[in-house]
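[1] Need coordinates for the following:
(2 chains)
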Amino acid sequence: MFDLFSDPVKVAQQMEIIFSEYGFAIWETMYALVLEVIFAYVVGLPLGVLLVTGEKEGIRPMPGWMMKTLNIVINLLRSVPFLILMIIVLPLSKIIVGTKVGTPATIPPMVIAAFPLVARMVESSLREVNHGVIEASQSMGASTWQIVTKVLLPEALPSLISGGTITVGTILGYGAMAGIIGGGGLGKMAINYGYYNFKYLVMWAAVIGLIILVQIFQSVGTKLAQASDKRLRNRN
Amino acid sequence: MQPIIEIKNLSKVFGSGDGKVAALQDVSVAVQPGEIFGIIGLSGAGKSTLVRCINLLELPTEGQVLFHGQDLTGLKDKELRMQRRKISMIFQSFNLLDQRTSLDNICFPLELAGVSRKDARKRAMELLEIVGLPDKANSYPVQLSGGQKQRIAIARALASDPEVLLCDEATSALDPTTTDSILKLLQKINRERGITVIIITHQMSVIEQICHRVAILDAGQVAEIGEVESVFSNPRSAAGRRLVSPEMALPFTEEDGPIARIAFNGNASEEPIIASLALDLGIKVSIMGADTRNIDGKAFGTMLISLPTDSEQKQKVMQYLKSHPGVTAEEVQ
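    A predicted model of the protein is given here:
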């Protein structure tokens, strides 16, 4: 696996694959990632908010059974290994996106695997918001919706961005695993073209691509989180 | 006059079963429009719970909270939110939104009320002038000192044009000089805008400096209530005495003999009463403790003296003291 450059013919062959496939693989990785992150937040963000506002001491307590069920479902989805979850959920892909193979088919299982993570990330971010500030808004006559949209989410923004960065990294990792069921992108390139076909140069090229992507997302995320945080001194 | 805020037989119990704690028991307080009303008590007396019951941040277990005679506890969510805009609140920890500038913090209650952004900003700038921080419009809370944060919080509280301003230990986190300036600001707001101010504090000096009337809260109950002058110069309750002269409330033992507490009201504090007592009666008493306070420009003093053990002499001393106008005396031991 580490003897990459000994056979010039193989090297040339593999370089050709890399050159012809790499750009498309990155594109596939990115577009799946963007869709997955969007859908994971569409489902996970409201649930995360609900986990905080709906609890017994929250600003809009919900029935206990409802909160308990929600917590159990989220924990359950979080504890099933992603690969297994993906296989279980595939039939659902057939219903939602009309196919069980290819990149679109991997999006529903990825979203189902990622939204519980997002919900927990959002939950923990919102819990960091100072309770006094919420109380102050209540004293000014803020409604639940106003507290969520004007206090909880904006005050937790830096933390939400940090959480988002972690989520993106995790989804990128899941995406690589989705290569196994035919999801396109760098993951598929590493596993199908690379590992299964003994083309280790291709594999390493794809892995390095993923590493670089994660590095970029992480540093952009960290910068954004810092830039959005007005609590940090030495600004302006 | 109809009280602007009237708390009627209010009780608050936290927890249930064996863990039950009664934070407030049968509290009744009426606050008149335009006054600065102080609620003082030691920590754990239930002050903060009481003030939170006024705008129903804390739901009373029993009793009523009347605002202009209307019971707030019976209101629907939406109606309550509308009423809350007329009862603003400031806090010990300021509770500003960290991610918003001063200006946007002040705009916040206006935003909640649906005021247009342009009008809100204009009003916020006016309020920044009032609290003396027009140059801090674009500063974030982290860039402000404690006193400045509280000024912004006051401006924010005034934005919705409230009738009542609740202050929950608003100066407790500030140094004495800053406390002073914040109290002056509250006084100015009260005088110029006629806003009723309710101040919760454990600091005597706060009450002395700006309150008209005061209620002393002790173990969840109102120990006494009245004009600041009369409560401080002559507290009738044990809790009142503890607060007025804490260092004098040290437990004296039986061996110290009988002790009297003397209060000088206003001008009487300038009279050399102990000296004249010795000269006129020929009885010497020793001073066990003394304290003078400045309430609204007048000096008020309290003093603890040890009385002669002989009951006849003791009677003479007490009569002598009581015969002086502006002096009240009582045997406390």
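
[2] alpha carbons only for contacts and neighbour counts from here, please
    Noted.

[3] Tell me the residue of the stretch 51-200 of chain B that sits nearest chain A?
    B:Arg81 (4.1 Å; C-alpha to the nearest C-alpha).

[4] Next, the closest residue in space to that residue that isn't next to it in sequence: phi, psi?
    Closest residue to B:Arg81 apart from its sequence neighbours, by C-alpha to C-alpha, 6 or more residues apart in numbering or on different chains: A:Gly141 at 4.1 Å. Dihedral pair for A:Gly141: phi 90, psi 30, per degrees, to the nearest 10.

[5] where does A:Gly141 land on pLDDT?
    Predicted confidence (pLDDT) for A:Gly141: 94.

[6] What residues sit buried inside the host helix or strand of A:Asn75?
    Using DSSP states H and E, A:Asn75 maps to helix A:64-79. Residues of helix A:64-79 classed as buried: A:67, A:70, A:74, A:77-78 (neighbour count, 16 or more other C-alpha atoms under 10 Å in any protein chain shown).

[7] now do stretch B:225-244
    Within stretch B:225-244, judged by 16+ other C-alpha under 10 Å, the buried ones are B:225-226, B:228-229, B:231-235, B:237, B:239-244.

[8] same check, this time on stretch B:117-133
    In stretch B:117-133, counting by 16+ other C-alpha under 10 Å, buried: B:120-121, B:123-125, B:127-128, B:130-131, B:133.

[9] Ok, stretch B:62-76 next?
    B:62-67, B:71-73.

[10] Please apply the same query to stretch A:6-20.
    Within stretch A:6-20, the residues that count as buried by 16+ other C-alpha under 10 Å are A:11, A:14-15, A:17-18.

[11] which residue ranges form the helices in the stretch 151-300 of chain B?
    For the stretch 151-300 of chain B, helices defined by DSSP state H, counting those that start in this stretch occupy the ranges B:176-193, B:204-210, B:228-233, B:238-244, B:273-281.

[12] Name the surrounding residues that touch stretch A:64-81.
    A:51, A:54-56, A:112-113, A:116-117 (C-alpha atoms under 8 Å, 6 or more residues apart in numbering or on different chains).

[13] Could you check how far that stretch is from the centre of its chain?
    Relative to its chain's centre, stretch A:64-81 lies at 18 Å (C-alpha atoms, centre = their mean, to the nearest Å).

[14] Who does B:Cys167 form a beta bridge with?
    Applying DSSP bridges to B:Cys167 yields these beta-bridge partners: B:Ile90, B:Ile199.

[15] pLDDT score assigned to it?
    Looking at B:Cys167, its pLDDT stands at 97.

[16] next one: B:Glu247
    Taking B:Glu247 on its own, its pLDDT is 57.

[17] now B:Ile305
    82.

[18] who's in contact with it?
    B:259-262, B:285-289.

[19] wait, is it part of a strand?
    Yes: the assignment for B:Ile305 is a strand, going by DSSP: H, G, I helix; E, B strand; the rest coil.

[20] same question for the longest helix along chain A, mean pLDDT?
    Among the elements of chain A assigned as helix by DSSP state H, the one spanning the most residues is helix A:8-53. Averaged over helix A:8-53, pLDDT sits at 92.

[21] Which secondary structure elements does that helix sit against?
    Counting contacts by 3 or more C-alpha pairs under 8 Å, 6 or more residues apart in numbering or on different chains; DSSP states H and E, helix A:8-53 packs against helix A:102-127, helix A:157-178, helix A:186-188, helix A:200-228.

[22] can you list the residues of chain A near chain B?
    Within chain A, the positions adjacent to chain B are A:130, A:132-133, A:135-143, A:146, A:151, A:154-155, A:229-233 by C-alpha under 8 Å from any C-alpha of the partner chain.

[23] For chain A, give the residue positioned nearest to chain B.
    A:Gly141 (4.1 Å).

[24] close enough to count as contact, that residue and B:Arg84?
    Yes: taking contacts as C-alpha atoms under 8 Å, A:Gly141 lies within contact range of B:Arg84: 5.2 Å.

[25] who's more crowded, those two?
    A:Gly141 (27 against 24; other C-alpha atoms under 10 Å in any protein chain shown).

[26] quick one: contacts for the more buried one?
    By C-alpha under 8 Å, 6+ apart, the residues touching A:Gly141 are B:80-85, B:112.

[27] which parts of the stretch 151-300 of chain B sit against chain A?
    Proximity of the stretch 151-300 of chain B to chain A (C-alpha under 8 Å from any C-alpha) is limited to residues B:Ala157.

[28] Roughly how far does B:Ser306 sit from B:Gly326?
    20 Å (C-alpha to C-alpha, to the nearest Å).

[29] So between these two, which is more surrounded?
    Taking other C-alpha under 10 Å, B:Ser306 and B:Gly326 do not tie; B:Ser306 has more neighbours (20 against 14).

[30] Next, count neighbours for the nearest residue to the more buried one once chain neighbours are set aside.
    The shortest distance from B:Ser306 to any residue other than its chain neighbours is 4.4 Å, reached at B:Ile259 (C-alpha to C-alpha, 6+ apart). Using other C-alpha under 10 Å, B:Ile259 has 23 neighbouring residues.

[31] what residue ranges in the stretch 101-250 of chain B score low on pLDDT?
    B:245-250 (pLDDT under 70).

[32] quick one: the strands in it?
    Counting by DSSP state E, counting those that start in this stretch, one finds strands in the stretch 101-250 of chain B at the ranges B:164-168, B:196-201, B:213-218, B:221-227.

[33] Tell me the spacing between the residue of chain B most remote from its centre and chain A.
    Distance from the C-alpha centroid of chain B peaks at B:Gly282, with 42.4 Å (C-alpha atoms, centre = their mean). From B:Gly282 across to chain A, the span is 61 Å (C-alpha to the nearest C-alpha, to the nearest Å).

[34] again, but for B:Val317
    With C-alpha to the nearest C-alpha as the criterion, B:Val317 and chain A are 54 Å apart.

[35] Report the inter-axis angle for the helix or strand containing that residue versus helix B:273-281.
    Per DSSP H and E: B:Val317 is located in helix B:311-323. Orientation check (axes from the mean of the first three to the mean of the last three C-alpha atoms, to 10 degrees): helix B:311-323 against helix B:273-281 gives 120 degrees.
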